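Undergrad: Sequence and predicted model, in that order:
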Amino acid sequence: MSNNEKSLDLINKLIEINKERISGYEKAAGATEAIDADIRSLFMRMAMQSRQFIKEIKQHVAVWGKSAHDSGTLVHTLRAAVSHFTTEITSQNRKMLLDFCLYLEQGAHQAYDMILKALEEKNTSIAEVALLKTQRLKISKSLNSLQSFALHL
C-alpha cells in the first residue's frame with residue numbers, strides 16, 4: 001500500500017468523524033427546547049462546519065486523482081450510539097445536551113490530533129496536513145464555544 005493510500009485511509013476516517021459530528025449536532029439541535037434558540041443555532045453551525053470540512057477534504061483528495069469516502073463502519077456504530085443517547089436525553093435538560101456535545105467535540109479533536117500525527121509520520125504532503133490543522137483549529141474554537149455555554153448554565 002502506497003503512502004497516498006495509507007494517508008487516504010486516515011483521511012477517510014476524518015470524513016467518518018465529521019459525519020458523526022453532523023449526526024450528533026443535528027440530533028442535539030432537534031432535542032433543544034424552543035427557548036434554546038442560541039444553543040440550537042450553535043449546534044447547527046457545528047453541523048454545517050463538518051459538512052464544509054468533508055467538502056474540503058474530498059476536494060483536496062481529488063488532487064491525488066482519488067476519491068475520499070467513509071467506510072460506514074465506524075459511522076454506523078457511532079450514529080447508533082448517538083441516536084440512542086440523544087433519544088434518552090431529549091426530555092432532559094440543556095446541561096446534558098451540552099455535556100454530550102462536549103464529549104462529541106473532544107472526541108473529534110482527539111481524532112484529528114491522532115490522525116495528524118500519523119499523517120506527519122507518513123510524510124504526507126504539507127498541503128494535506130495544513131488543511132487538517134486548520135480544521136482542527138476550528139474544532140478547537142467550537143469546543144471553546146461549547147465550554148463557554150456550559151460555564152454559563
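TA: Right, received. Where do you want to start? This structure is a prediction, so every number in the text was calculated from the model and none was measured. Residues are numbered from 1 along each chain as shown.

Undergrad: In contact with the nearest residue to Tyr112 once chain neighbours are set aside: list those residues for me.
TA: By the measure of C-beta to C-beta, 6 or more residues apart in numbering, the closest residue to Tyr112 outside its immediate chain neighbours is Arg136, 4.0 Å from it. Any C-beta I mention is one placed from the backbone N, CA and C, and that applies to glycine too. Applying C-beta atoms under 8 Å, 6 or more residues apart in numbering to Arg136 gives the contacts 109, 112-113, 116.

Undergrad: can you redo those residues as CSV with secondary structure?
TA: Putting those into CSV (DSSP: H, G, I helix; E, B strand; the rest coil) gives the following:
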residue, secondary structure
His109, helix
Tyr112, helix
Asp113, helix
Leu116, helix
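
Undergrad: Just the buried ones out of those residues, please.
TA: 109, 112, 116 (16 or more other C-beta atoms under 10 Å).

Undergrad: The second one is in contact with Leu14, isn't it?
TA: Yes: proximity of Tyr112 to Leu14 meets the contact threshold set by C-beta atoms under 8 Å, at 6.8 Å.
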